[in-house]
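Peer 1: Sharing a model that was predicted from the sequence below.
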Amino acid sequence: MRRQIKLFMVMVILMSLVACAGFTKNTYRGIFLAGTSYDAAMKSVADLQGKGKITLAQRAEINKVANIYYVAYQVSVDALYFYEQTKTQVAKDKVIFAIATMVSKWSELAGYINRIVPGTLPEKLEGL
C-alpha cells in the first residue's frame with residue numbers, strides 16, 4: 001500500500017510539472033491532490049488497523065489528527081471558492097494562507113502515523 005501511495009504521488013507531481021497553468025488551475029490541482037492524499041492515507045490506516053499494526057486506541061488518535069487536516073483542507077476549498085467569486089488579492093492571499101496551513105497539517109498527520117508505523121506516508125504533500 002505504501003508503494004501505491006508513493007507511486008500515486010510521483011504521478012501527480014509529473015502531471016503538475018507537465019501542465020503549466022495559472023493560479024486557479026494549479027490551486028484546483030493542488031487541492032485535488034490534497035483530498036486524494038487524505039483518502040489514500042485513511043485507506044492505508046484502515047489497512048494497517050485491519051492487519052493489527054494499529055490498535056483501536058491509536059486509530060482514534062489518528063482520526064483526531066486526521067480531522068484537523070481535513071478541516072484545513074475544507075478551509076482551502078472554501079477559500080478558493082471565495083477567490084473565484086471575488087478575484088481580489090485579499091482572497092488570493094487567503095487561499096495561499098489556507099493551503100500553507102493545510103500543508104503543515106498534512107506534515108503533522110503524516111508524522112503522527114509514521115511514528116506508529118514508519119514509512120507509511122510521505123512527510124510532505126508533493127506538488128503543493
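Peer 2: Yep, that arrived.

Peer 1: Can you give me the buried ones in the helix ranked longest in the chain?
Peer 2: Longest among the helix segments of the chain by residue count, using DSSP state H, is helix 56-86. Neighbour counts over helix 56-86 (16 or more other CB atoms under 10 Å) mark 58-59, 62, 65-66, 69-70, 72-73, 75-77, 79-80, 82-83 as buried. C-beta here means a position set from N, CA and C on the backbone, and glycine is covered the same way.

Peer 1: now do stretch 29-36
Peer 2: 29-31, 33-34.

Peer 1: ok so, going back, tell me the helices and strands packed up against the helix or strand that comes right after the longest helix of the chain.
Peer 2: For helix 56-86, the succeeding helix or strand toward the C-terminus, using DSSP states H and E, is helix 89-116. Under the contact criterion of 3 or more CB pairs under 8 Å, 6 or more residues apart in numbering; DSSP states H and E, helix 89-116 touches helix 23-50, helix 56-86.

Peer 1: For residue 55, see how far away the residue nearest the centre of the chain is.
Peer 2: Centroid-nearest residue in the chain, with CA atoms, centre = their mean: residue 34, separated by 3.2 Å. When CB to CB, to the nearest Å is the yardstick, residue 34 and residue 55 sit 27 Å from each other.
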